[in-house]
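1. structure of the sequence below:
(chains A and B)
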Protein chains: 2
Amino acid sequence: MKQLVLGIDLGGTDTKFAIVDNTGAILRKEKFPTETHRSIDGVMSLMAERARYMIGDDPVLAIGLAVPAPVSSSDGMLYQPPNLGPEWRAVKSVPVKDLFYKYLGLDLPIILNNDANAAAWGEYWCGAGSDAKTMIMFTLGSGVGGGIVVDGKLFEGGDGAAGELGHMIVEMENGAQCGCGNKGCLEAYASATAIKRMVGEALDRGEKTSIAIPPEGLGHLRAKEVFDAAQQGDTVAAAIIAKMTSAIGVACGTIINIFNPDMIVFSGGIAAAGDYLFNPVREKARSIAFERPSARAKIVPAILGNDAGIIGAAGMAFVALGK
Amino acid sequence: MKQLVLGIDLGGTDTKFAIVDNTGAILRKEKFPTETHRSIDGVMSLMAERARYMIGDDPVLAIGLAVPAPVSSSDGMLYQPPNLGPEWRAVKSVPVKDLFYKYLGLDLPIILNNDANAAAWGEYWCGAGSDAKTMIMFTLGSGVGGGIVVDGKLFEGGDGAAGELGHMIVEMENGAQCGCGNKGCLEAYASATAIKRMVGEALDRGEKTSIAIPPEGLGHLRAKEVFDAAQQGDTVAAAIIAKMTSAIGVACGTIINIFNPDMIVFSGGIAAAGDYLFNPVREKARSIAFERPSARAKIVPAILGNDAGIIGAAGMAFVALGK
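-> Below you'll find the predicted structure:
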């Protein structure tokens, strides 16, 4: 008999909902705008309304909720979310579990997780990492995040803040400026934001490139344009991609030396670039990691795409239910 | 009723033996030269003889053995030990548990661990980390090693090779040469070997320093001489110490962002330098780590000194016995 939970992945732009069974299969899913222009209560009540609609008459056992911020699973608080609008940014923490429960009006357990952790759990449970015991996931997007599964358990750290892999320092001297305020973070070389910055720096230096800059400005440049230009022989683009893959490879090699994991998974838009990106990352990582841990660690792309978060959120609910 | 095990810490120079009870107290201990000029069988049979002598008539339940190399606790193999002499270096692996059992001739469980992991477990069990749930230890010496305790369990990784914290890359461009073959490893800035190298580089550049170079040569310089010179205002020594503490702080901040741990412990000779070393490390680490994990993570010196390895080796034997 299949058991069901509702997985929710609250994002800065959209919120995804899916009814997921205990094998990780999605029975149905929907995506709605998060409407972050609303108040915190407005966002939460809207999410609750949609959750009730998604559940309908199904015998759902629990709700797994993934949010884009560190969370405390013990007290249901969410801390300093950077991407959910001004009202969220203005407060230090939001009692997101209590609020959701209040607006939901259903007597269901709510299991709260950070979204990168949920995505890592999704890939571990029924994606790229399903053969692994210890798996580390890097999420490459406008920022760089991460999730850690150690000996078959999601590792969240003392405050639910573990896995901030984008803020490993890979360059302590003269490192590039990161959005977090530090210099030399992985994110300052490996995020979509970093790629845009590096293109801008090349243009400022007067370098000639075939990268097509959108008429709306550099902020609208997609990483894919830079990959494409590099593959077509553009030297500026190739140098930027080399810098990015080198930084990712360095971080990956460091992670192998720290964790001796079975698998390292890369998710997000940049990871979809395929072997052109993966091969130099693997080569760099293997040049850094010790022989035996390097031989063990598979370095692979994620396979669940945008569904990793909702599947993982649902999966963590099944874990909490002891299923 | 106290229970007893024999803890052994096999080192490149000396091997330490101690009868340890289940509270972590040392009842008696001895240290003997390892005699690495002997064959592998010679070293193992000598160690077995001393183990029988140490046990005497005591009702010892098991032996915890820590060795200076990655180990596989499942099959009792030791891999590529760098510091145990030429015969050990020439082989890829040594069935150290089987050999020891053969020469010992006693029907006792032997629990094998890597020495840095054992030391971390010692500090976690009854040293600096005894209040922590997740604790990361950096061992600063002629090299830099590490050990990881996650949610109350020693984390060894898939091949017993986790925790190689000395080979986190902190400087991916123009990094200093590390003994492992890579550039920019923490060990290339934070080990006693690195300090000697940096002093040599300063002398090669013709810089004036009050650091007393031993008549036997730079290889005999102790890190303490450099700390002392720096504290007395020597600018060359101060710059070297600043580089070292900066690299350690960067690695420490990165580890806080990855693990969100309760505690980071520093052991080894360099760690004994006190606040003069710890304060800049703490400052740098806290400048890098996110606010909440930074507030949680205590950054402290180890307290068990050279006994951490034997206590931890014994402790891991108690864990294996289920005590």
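2. contact partners for the closest residue to A:Ser267 other than its chain neighbours?
-> Counting by CB to CB, 6 or more residues apart in numbering or on different chains, A:Ala302 is the residue found nearest to A:Ser267 once chain neighbours are left out, at 3.4 Å. In short, each C-beta sits where N, CA and C put it, glycine included. Residues near A:Ala302 by CB atoms under 8 Å, 6 or more residues apart in numbering or on different chains: A:119, A:123, A:127-128, A:137, A:265-268, A:271, A:308.
3. A:Glu123 now?
-> So A:Glu123 contacts A:129-130, A:135, A:137, A:265, A:267, A:302-304, A:308, A:312 (CB under 8 Å, 6+ apart).
4. what pLDDT is listed against it?
-> A:Glu123 is assigned a predicted lDDT (pLDDT) of 97.
5. SS state for it?
-> The three-state label given to A:Glu123 by DSSP: H, G, I helix; E, B strand; the rest coil is helix.
6. now A:Leu78: how far from chain B?
-> Going from A:Leu78 to chain B by CB to the nearest CB, to the nearest Å gives 12 Å.
7. A:Gly12 too?
-> 19 Å.
8. that residue sits in which helix or strand?
-> Secondary structure assignment for A:Gly12, by DSSP states H and E: no helix or strand.
9. any idea of the pLDDT on it?
-> A:Gly12 is given a pLDDT of 86.
10. wait, it sits on A:Arg89?
-> No. Using CB atoms under 8 Å, A:Gly12 is not in contact with A:Arg89; the gap is 11.2 Å.
11. between these two, which one's more packed in?
-> A:Gly12 (15 against 12; other CB atoms under 10 Å in any protein chain shown).
12. chain A: strands as residue ranges?
-> A:4-10, A:14-21, A:26-33, A:60-67, A:71-72, A:77-79, A:93-94, A:110-114, A:135-140, A:144-150, A:153-154, A:263-267, A:298-301 (DSSP state E).
13. roughly how far apart are A:Pro81 and B:Val5?
-> 49 Å (CB to CB, to the nearest Å).
14. and for A:Val144?
-> From A:Val144 to B:Val5 the distance is 45 Å (CB to CB).
15. ok, A:Ser294 - contacts?
-> A:253, A:256, A:285-286.
16. make it 10 Å
-> Residues near A:Ser294 by CB atoms under 10 Å, 6 or more residues apart in numbering or on different chains: A:253, A:256-257, A:260, A:282, A:285-288, B:161.
17. check A:Gly11 too.
-> Contacts of A:Gly11 by CB under 10 Å, 6+ apart are A:31, A:33-34, A:36, A:66-68, A:83-84, A:115, A:306, A:309.
18. could you do A:Met244 as well?
-> A:140, A:186, A:189-191, A:194-195, A:198, A:223, A:226-227, A:230, A:270, A:277, A:280-281.
19. looking at these, which gets the smallest pLDDT?
-> Lowest confidence among the contacts of A:Met244: A:Ile270, with 71.
20. quick check: A:Ala308 touching A:Ala120?
-> Yes. Judged on CB atoms under 10 Å, A:Ala308 makes contact with A:Ala120 at a distance of 7.9 Å.
21. what's the overlap in contacts for the two?
-> A:127, A:137, A:139, A:147, A:265, A:267, A:302.
22. can you show me the helices along chain A?
-> A:40-55, A:86-90, A:96-104, A:115-126, A:187-190, A:192-204, A:223-231, A:235-259, A:275-288, A:291-296, A:308-321 (DSSP state H).
23. tell me how many other residues surround the residue of the stretch 201-323 of chain A found nearest chain B.
-> Across the stretch 201-323 of chain A, the shortest distance to chain B (CB to the nearest CB) belongs to A:Asn260, at 2.5 Å. By other CB under 10 Å, 27 other residues sit near A:Asn260.
24. OK, contacts around it?
-> Counted by CB under 10 Å, 6+ apart, A:Asn260 has contacts A:134, A:289-290, A:292-294, A:296-297, B:70, B:148, B:155-164.
25. could you rerun that using 8 Å?
-> Per CB under 8 Å, 6+ apart, neighbours of A:Asn260: A:134, A:292-293, A:296-297, B:156-162.
26. which non-adjacent residue is nearest A:Thr235?
-> Per CB to CB, 6+ apart, closest to A:Thr235 is A:Thr209, 7.9 Å.
27. what does A:Ala272 give?
-> A:Pro301 (7.2 Å).
28. can you pull the pLDDT of that neighbour?
-> Per the predicted model, pLDDT is 94 at A:Pro301.
29. just grab the bridge partners of it for me.
-> A:Phe266 (DSSP bridges).
30. what about it, how many neighbours?
-> 18.
31. right, and it touches A:Met263 too?
-> No. Between A:Pro301 and A:Met263 there is no contact, the gap being 11.2 Å when judged by CB under 8 Å.
32. and for those two, which residues touch both?
-> With CB under 8 Å, 6+ apart, A:Pro301 and A:Met263 have common neighbours A:Ala128.
33. bridging residues for the closest residue to chain B within the stretch 1-150 of chain A?
-> Ranked by CB to the nearest CB, the top residue of the stretch 1-150 of chain A for proximity to chain B is A:Val150, at 5.6 Å. Assessed by DSSP bridges, A:Val150 has beta-bridge partners A:Lys153.
34. which residues are in contact with it?
-> Contacts of A:Val150 (CB under 8 Å, 6+ apart): A:134, A:259, B:150, B:155.
35. what is the least confident helix or strand in chain A?
-> Across the helices and strands of chain A, mean pLDDT, DSSP states H and E gives its lowest value to helix A:86-90, namely a mean of 84.
36. what residues does the stretch 201-323 of chain A put near chain B?
-> Residues of the stretch 201-323 of chain A lying close to chain B by CB under 8 Å from any CB of the partner chain are A:246-247, A:250-251, A:253-254, A:257-262, A:287-288, A:290-293, A:296.
37. thinking again about what came up before, show me the contacts for the residue nearest to A:Thr235.
-> Here A:Thr209 is in contact with A:199, A:202-203, A:229, A:234-237 (CB under 8 Å, 6+ apart).
38. do A:Leu61 as well
-> A:3-5, A:108-109, A:317, A:321, A:323.
39. and with 10 Å instead?
-> A:3-6, A:22, A:108-109, A:317-318, A:321, A:323.
40. A:Gly184 too?
-> A:167-178, A:247, B:170-173, B:250, B:288.
41. pull out the buried residues from those.
-> Among the contacts of A:Gly184, the ones that count as buried by 16 or more other CB atoms under 10 Å in any protein chain shown are A:167-173, A:175-176, A:178, A:247, B:170-173, B:250, B:288.
42. list the buried residues for stretch A:187-200?
-> A:187-199.
43. how about stretch A:179-186?
-> For stretch A:179-186, by 16+ other CB under 10 Å, it's A:179-180, A:182-186.
44. ditto for stretch A:216-225
-> Buried-residue list, stretch A:216-225, by 16+ other CB under 10 Å: A:221, A:223, A:225.
45. touching that stretch from outside, list them.
-> With CB under 10 Å, 6+ apart as the criterion, stretch A:216-225 contacts A:140-142, A:191-197, A:199-200, A:203, A:210-214, A:228, A:237, A:240-241, A:244, A:268-270, A:272-273, A:277.
46. just to check, A:Glu143 is in contact with A:Ala192?
-> Careful, residue A:143 is Gly and not Glu. Yes. Counting by CB under 10 Å, A:Gly143 touches A:Ala192, with 8.4 Å between them.
47. quick one: common contacting residues for these two?
-> A:Gly268.
48. need the contact list for the residue in the stretch 101-250 of chain A positioned nearest to chain B.
-> Per CB to the nearest CB, A:Gly157 is where the stretch 101-250 of chain A lies closest to chain B, at 2.4 Å. By CB under 10 Å, 6+ apart, the contact list for A:Gly157 reads A:70, A:117, A:148, A:163-164, B:133-134, B:150-151, B:256-262, B:292-293, B:296-297.
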